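Peer 1: Could you work out the structure for the sequence below:
(2 chains)
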Amino acid sequence: MSWFADMLGPWRGFAVTFRQMFRPKVTTQYPEEKRVKPQRFHGRHVLNRYPDGMEKCIGCELCAGICPARCIYVRGADNPPDAPVSPGERFGFVYEINMLRCIFCGMCVEACPTEAITMTHLFEMSVTDRDDAIYTKDELLVEPDGTPRHPQPAGPLIDLEELKLGNGWLRATASSGRAAFEGLVAWTPSATFGAEPPERGQTDADVDDGNEGA
Amino acid sequence: MADASDKVTITLDGRQVEATAGELLIAAAEKAGTYIPHFCWHPRMKPVGMCRMCLVEVETPRGKMLTTSCTMPVADGMVVDTASAVVEKAHEGILEFLLINHPLDCPVCDKGGECPLQDQTLGYGPGESRFVEEKRHHEKPISISDLVYLDRERCILCARCTRFSEEISGDPLIEFVERGNHVEVNTFPDEPFVSYFSGNTVQICPVGALTAKPYRFRARPWDLEAVESVSLVDSVHSKVSVESSQNEIVRISGVDNDPTNQGWLSDKDRFIYEHIHSPRRLTVPLIREGDTFREASWGEAVGLVAERLGAVPGTAVAGIGGARATNEDAYAFSKFMRSIVVTPHLDAQLDDGLDPEFAAAVHPRARIDDLERAATILLWGPDLKEEFPVLYLRVRRAAAHLGARLVVVHPRVTGLDLVATHTVRYRPGEGPATLKKLAAGDGDLAAVRAALNEGPVVALVGRPGLAEDPRLAEAVAAFARDLPEATIMPLVRRGNVFGALDMGLAPTLLPGRVSVTDTAARTALEDEWGALPEGVGGGATEILTGLVSGDREVLVLFGADPMRDHPDPTLVRSALEAAGFVAAFDLFLTDSSRLADVVLPVAAFGEVAGTVTNLEGRVQKVNQIVPPPGQARAAWSILDDIATAMGGSLGATGAERLNKEIARVAPAYRGVTWDMLDWGDGREGIVVPLRGADQPLRHIPVDTGVPTVTERPAVHSARVLYDDGAMLRNCPGLAGLAPRAAIHMHPRDASILAVRDGDRVLVSAGASVELPVVIDAGLAEGAVYVPFNLVETAALGAPRSIRIDVVREDAS
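Peer 2: A predicted model of the protein is given here:
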């Protein structure tokens, strides 16, 4: 028996390989072919505007305060009374995120009281210069019509359409997360997005978690 | 002081707790470690019970009753419950009511993050509001003064600001208006909240209703770094917390230090930090080239200073300044000038202060805290509200709330006159005659003299005006010394002037309150420093005249601006122009350093650590929180480099090392180290000398016979809080607050000259300036008052006599 076992020995290790050959492939031909990301994917941030073009960011620095990687730098300033940048007294006149430090945890999105900062589906942000990894307000803030900006042009890797996925409503499930508010629109519309239908699924009875893309 | 019989025992949440009889329940509970939430109660002000947040349950004969713990004095056997279900329900109710109209501004509110209303809503609130109605609306922040914004929507009507301005600062310019649901805090119409202390209301506001303009939207509380320090705006040395964000000082808050400021600050203390980050700060050494400066390397600048200082005999070199530096820097300067350059000509004062021996070592010396126990306070010196605002608050507290009798002697109406028992006005120059009359109790001064007979007496003495003889203060002190249980506090204003004098920056003093003529102490110092220069040096004015006459050739300005601070700017200009070489250590290109040959940029407040000494001899620590800009450096390290280039050494490798040397070398400072000041009781400051340490010089004030001057018009020239000093000029928030320059005249004098309010006159002394006339009935007759060092009056200085020519408009 032992001679047979000795002969089979070298091939036994391939058993896993042979078995996998007949299963469906999980490898995708990135970047030609991209996997569908979860709806709440944590990608590059954008700073949103209200439908009237006003900036949502009020420069409150809550995102910077909560950031565990300390990668956000915000400074507030008085809104010019004749040409206000955001509703209220204060706006964020400096807003920078160091994407090299960012761990994409989404705490800034959670902390934001105005849904100004949200995360999109774009994660391709390779740079050749460290300075370019610091995204300033110019790059983070969407155009007045809601079109997001990106420092790099669209290409095989960079699909700018991904920057339009993801919005404040993905986070704002309900006021204080309570089931009693299910079905109530409790978030502010953004430029281009408008008021979206409320996300379903606040109670244990409703098992649809809304992440149909996963 | 409370003795054992004043102690009562109360039951606090089931615990037996000892308290002082008459103490308020909220304070007793806090002392016992039980925090009772509150908004309106403040330990330094009288209780009002307005916010109702501090409700507790107290057992009464009729059962448990809810009562406000801030208005309830403790009584023996009192049974108190601070956390019962009823109290919790009361808290929830109160907070829900307070939040009916409180806007959800927290993300943009400057208080957000350190707001008592936020914290207590989180800790004691109901979690959710049942009110869905529209909130009350007011115009968003309205400017109520040059420094403060008021947002009436956020106000919870706790009356802290109104009580502060009425009780503490004595300028009740902010009050409740309207009735019922419409009550709001506001100023009187057309009367802004112009107070030297308005910043305190911002600090004690429990919500963001009052916010400071210079701090508005500069940072959020969670990105502030803070360090304890003391304010060097005047020599009271109020304890402050210096707060920075992104390496920039953005706020200074008062810290409650019982012996000094008791939590309060003047607006100048609070907002002076703006100059530190001024774009006009010097960041590179400058060397004169013709009429302009060129930037130079440190090596070149230090080499040039060393070469020029070494090229002349030591006694041809003189040093002025040091009163803005820390004790360590002042000590380094003193050691450098006396042991490396070898010159006795040193002065930290600019002939705007007092005799150095009297100021540094007067005996018996008063402490600020003596005001709490004083029966009588004699103030014969500057207008405290203008020059020592925090000391003004302490004296005002003693006179208005603690029952002390206050006698104010000054040529003009002062901030304290409203609470003074007696005020005496006299013409500047006639101080000695007034003193003689007061001492004898002649005529109308009999009542004043009688008032001074009850001790303990605290005498605050200084120069009422810069045009007056500095020896008058010592004559007053000599009189006051004989009053019952008298202690004396000399008043000299500038930052760390007392520390500089104690470090030997005076012609007659050596470090540690030692007279230069004290042979034993001199020998001891020579063991450390090497040979000392012979004899007594010259003071500031003598140094300046020496420069003009050629007796002195080289001047070192150590953070001094004599063009603005010396009473005779004409002499200063000619001295600086006549000097062979002037080296200036400075923060800015001031009028004086502009005339220097080398300007060395030094580190400012908040950029260096060290010790400082206040007017009662209290040593406290200042700390570093931000780095100096550009190539600016700590002064001691520059001095050490110059000493090395001159072939000597200061042995200074760090400020703490210098501190240890001071603690060894300076007798009165023996044993006072940074460690002692950083931890424990020493954080309140330590009054030197320590027990067991020796103070060789104890100066008993004597009346040296000051001559009476009866010149007319008698000139009163005094500083105002917001003048045109280099630091204030570079604070955007404070620069605009300087008063309009004018010459003040008594109505009768004005009628003799036939001028009316607003007429312009030409005032001539060394220089001539045209000033408008202000009719001022608060001035002694026969005297005129010209504020010192305003933009328009800077050229005039503080002359002893002036000429007034009325400028008549042509009748064309």
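Peer 1: hey, where'd the helices end up in chain A?
Peer 2: Counting by DSSP state H, chain A has helices at residues A:2-12, A:15-21, A:62-66, A:107-111, A:137-140, A:168-171.
Peer 1: Surely B:Lys64 is in a strand?
Peer 2: Yes: assignment of B:Lys64 by DSSP: H, G, I helix; E, B strand; the rest coil places it within a strand.
Peer 1: What is the neighbour count of it?
Peer 2: Other residues near B:Lys64 come to 16 when the count uses other C-beta atoms under 10 Å in any protein chain shown. Every residue, glycine included, has its C-beta placed from N, CA and C.
Peer 1: show me the contacts for it.
Peer 2: By C-beta atoms under 8 Å, 6 or more residues apart in numbering or on different chains, the residues touching B:Lys64 are B:57-58, B:81, B:84, B:86.
Peer 1: Go again with 10 Å.
Peer 2: When contacts are counted by C-beta atoms under 10 Å, 6 or more residues apart in numbering or on different chains, B:Lys64 touches B:56-58, B:79-81, B:84, B:86-87.
Peer 1: out of the helices of chain A, which comes closest to B:Arg449?
Peer 2: Ranking the helices of chain A by proximity to B:Arg449 (C-beta to C-beta) places helix A:62-66 first, at 62.7 Å.
Peer 1: Pull the closest one out as CSV, backbone CA atoms only.
Peer 2: Taking C-alpha atoms only, helix A:62-66 is exported to CSV below (Å, rounded to 0.1, in the frame of the first residue of the first chain):
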residue,chain,number,x,y,z
LEU,A,62,-17.5,68.0,14.5
CYS,A,63,-16.1,65.7,11.7
ALA,A,64,-12.6,66.8,12.6
GLY,A,65,-13.3,66.3,16.3
ILE,A,66,-14.6,62.8,15.8
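Peer 1: That helix - contacts with which helices or strands?
Peer 2: strand A:72-78, strand A:90-98, helix A:107-111 (3 or more C-beta pairs under 10 Å, 6 or more residues apart in numbering or on different chains; DSSP states H and E).
Peer 1: Tell me how far it lies from the chain's centre.
Peer 2: Distance of helix A:62-66 from the chain centroid (C-alpha atoms, centre = their mean, to the nearest Å) equals 17 Å.
Peer 1: Repeat that for stretch B:388-408.
Peer 2: Between the centre of stretch B:388-408 and the centre of its chain there are 16 Å (C-alpha atoms, centre = their mean).
Peer 1: And B:Asp329, which helix or strand is it part of?
Peer 2: helix B:327-335 (DSSP states H and E).
Peer 1: so which residue of chain B comes closest to chain A?
Peer 2: B:Pro107 (3.6 Å; C-beta to the nearest C-beta).
Peer 1: between the helices of chain A, which gets nearest to B:Arg397?
Peer 2: helix A:62-66 (38.7 Å).
Peer 1: okay, B:Pro569: pLDDT?
Peer 2: Note for B:Pro569: predicted pLDDT of 94.
Peer 1: ok now do it, which residues does it touch?
Peer 2: Neighbouring residues of B:Pro569 by C-beta under 10 Å, 6+ apart: B:562-563, B:591-592, B:765-767, B:789, B:794-799.
Peer 1: For chain B, give me its nearest residue in chain A.
Peer 2: Relative to chain B, the nearest point of chain A is A:Cys60 (3.6 Å; C-beta to the nearest C-beta).
Peer 1: Comparing the helices of chain A, which yields the minimum mean pLDDT?
Peer 2: If you rank the helices of chain A by mean pLDDT, helix A:168-171 sits at the bottom with a mean of 56.
Peer 1: List of residues touching stretch A:75-84?
Peer 2: Outside stretch A:75-84, the residues that touch it by C-beta under 10 Å, 6+ apart are A:54-55, A:57-61, A:64, A:85-96, B:107-108, B:110, B:140-141, B:213, B:216-220, B:245-246.
Peer 1: Now list the buried members of the residues you listed.
Peer 2: For the contacts of stretch A:75-84, a neighbour count by 16 or more other C-beta atoms under 10 Å in any protein chain shown gives the buried set as A:54-55, A:57-61, A:64, A:85-86, A:88-93, A:95-96, B:107-108, B:110, B:141, B:213, B:217-220, B:245.
Peer 1: Report the secondary structure state of the residue nearest to B:Val79 when sequence neighbours are not counted.
Peer 2: Once flanking residues are discounted, B:Val79 sits nearest to B:Glu59: 3.9 Å by C-beta to C-beta, 6 or more residues apart in numbering or on different chains. Here B:Glu59 is recorded as strand under three-state DSSP.
Peer 1: show me what contacts B:Glu59?
Peer 2: B:11, B:65, B:77-81.
Peer 1: quick one: which of those residues is most hemmed in?
Peer 2: B:Val80 leads these on contacts (other C-beta under 10 Å) with 27 neighbours.
Peer 1: Pull the number of nearby residues for residue 106.
Peer 2: I'll assume chain A. 17.
Peer 1: Can you look at chain B instead?
Peer 2: Applying other C-beta under 10 Å, we find 19 other residues in the vicinity of B:Cys106.
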